[in-house]
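1. Structural data only, the sequence is not supplied:
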C-alpha cells in the first residue's frame with residue numbers, strides 16, 4: 001500500500017538497525033473522541049502526546065511513522081494497514097481515557113456544564129486476535145513498567161461490570177487489558193493501545209496537558225519500545 005502524505009509523516013533515514021514504529025494518533029478532527037472535564041477534545045491531547053512520543057523514539061534511533069496527525073479520518077482498519085505497508089515492527093495507538101456516563105458527575109466550567117469522574121490513571125490494551133499477541137502483551141507490560149518507574153499509576157475502572165466495560169485483565173498489577181479493538185486485531189505486527197490518562201478526571205486533564213507530563217510519558221514509551229522489541 002502506498003503511504004499517503006495526508007495520513008503519515010515521512011519515514012526518517014536513521015541507523016541501519018533501528019526498529020520501525022508506527023505511532024497512531026487516536027481519533028480525528030471530525031470524530032475527536034472524548035471531551036475532557038474542561039471541554040477540550042481528546043484528539044488534541046492524543047496528537048500532542050503522539051508527536052512527543054515520535055520525537056523521543058526518533059531520538060532513540062528508531063524509524064517512526066506518525067499516522068493521523070493531520071486530523072483526517074482514515075478509518076480504523078487502514079491505520080494498521082499503513083503500518084504494515086511501512087513494515088513496522090510495532091503499532092502504538094495513542095489515546096486519552098473517559099468513563100461510562102454512570103460514573104460521571106456534573107460541574108460548571110466558565111458557565112458551561114461539564115462532566116468529570118474520580119477515576120484516574122493510564123491503561124494499556126492488547127488483542128488476542130492479533131497474530132503477535134504475546135509480543136503485544138510484552139510491549140504493553142514493558143511500557144507499564146516504565147510508566148510506574150516514573151510515578152504514573154494504572155486505572156482498573158475498565159473492569160467494572162457495566163455496559164461498555166467488564167474488560168478482562170491480562171496483567172492486573174500493570175493495568176494491561178484485553179480488548180479486540182479494530183486497530184489491534186487488524187494489525188499484523190505487535191500492537192498496543194495506550195490510554196495515557198483519564199481526561200474526564202479534573203486533575204488528570206490538567207496534568208496531561210502539560211508538556212512536562214508528555215515528556216515523561218514519551219520517555220517511558222521510548223525506553224519500553226527498546227526493551228520489548230529487543231526481546232526474542
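-> Arrived safely, thanks for sending. None of the values given here were measured: they were computed from a predicted structure.
2. low pLDDT regions in this structure?
-> Within the chain, the ranges that satisfy pLDDT under 70 run 1-17, 230-232.
3. Output the contacting helices and strands for the longest helix seen in it.
-> When the chain is parsed with DSSP state H, its longest helix is helix 211-230. Applying 3 or more CB pairs under 8 Å, 6 or more residues apart in numbering; DSSP states H and E, we find helix 211-230 packed against helix 42-59, strand 90-97, helix 133-149. Heads up, the C-betas are built off the backbone N, CA and C, glycines and all.
4. can you state the direction angle for that helix and helix 133-149?
-> Using axes from the mean of the first three to the mean of the last three CA atoms, to 10 degrees, one finds that helix 211-230 and helix 133-149 are set 140 degrees apart in direction.
5. Looking at strand pairing, list the partners for the residue positioned nearest the centre of the chain.
-> Nearest to the geometric centre of the chain sits residue 94, at 2.3 Å (CA atoms, centre = their mean). Counting by DSSP bridges, residue 94 is bridged to residue 25, residue 194.
6. That one and residue 50 touch, don't they?
-> Yes - if you go by CB atoms under 8 Å, residue 94 and residue 50 touch, sitting 4.3 Å apart.
7. Mind listing the shared neighbours of these two?
-> 23-25 (CB atoms under 8 Å, 6 or more residues apart in numbering).
8. Ranking by neighbours, what's the top pick from those?
-> residue 23 (32 neighbours; other CB atoms under 10 Å).
9. quick one, phi/psi of it?
-> phi -110, psi 110 (degrees, to the nearest 10).
10. swap in the one 3 residues further on?
-> Geometry field for residue 26 lists phi and psi as phi -60, psi 140, criterion degrees, to the nearest 10.
11. Identify the residues contacting the nearest residue to it once chain neighbours are set aside.
-> Nearest residue to residue 26, sequence neighbours excluded (CB to CB, 6 or more residues apart in numbering): residue 95, at 3.9 Å. By CB under 8 Å, 6+ apart, residue 95 lies in contact with 26-27, 33, 42, 46, 193-196.
12. Repeat the analysis, applying 6 Å as the threshold.
-> 26, 46, 195 (CB atoms under 6 Å, 6 or more residues apart in numbering).
13. With residue 228 instead?
-> Applying CB under 6 Å, 6+ apart, the residues near residue 228 are 138-139, 142.
14. For those, which entry has the maximal number of neighbours?
-> Most neighbours among the contacts of residue 228, by other CB under 10 Å: residue 139, with 28 neighbours.
15. re the thing from before, which of the contacts of residue 228 lies closest to residue 62?
-> Set against residue 62, the nearest of those by CB to CB is residue 139 (13.1 Å).
16. On the strand side of things, show who residue 67 bridges to.
-> residue 8, residue 24.
17. count of neighbours near it?
-> 30.
18. What distance do you get for it to residue 124?
-> Per CB to CB, to the nearest Å, residue 67 is found 18 Å from residue 124.
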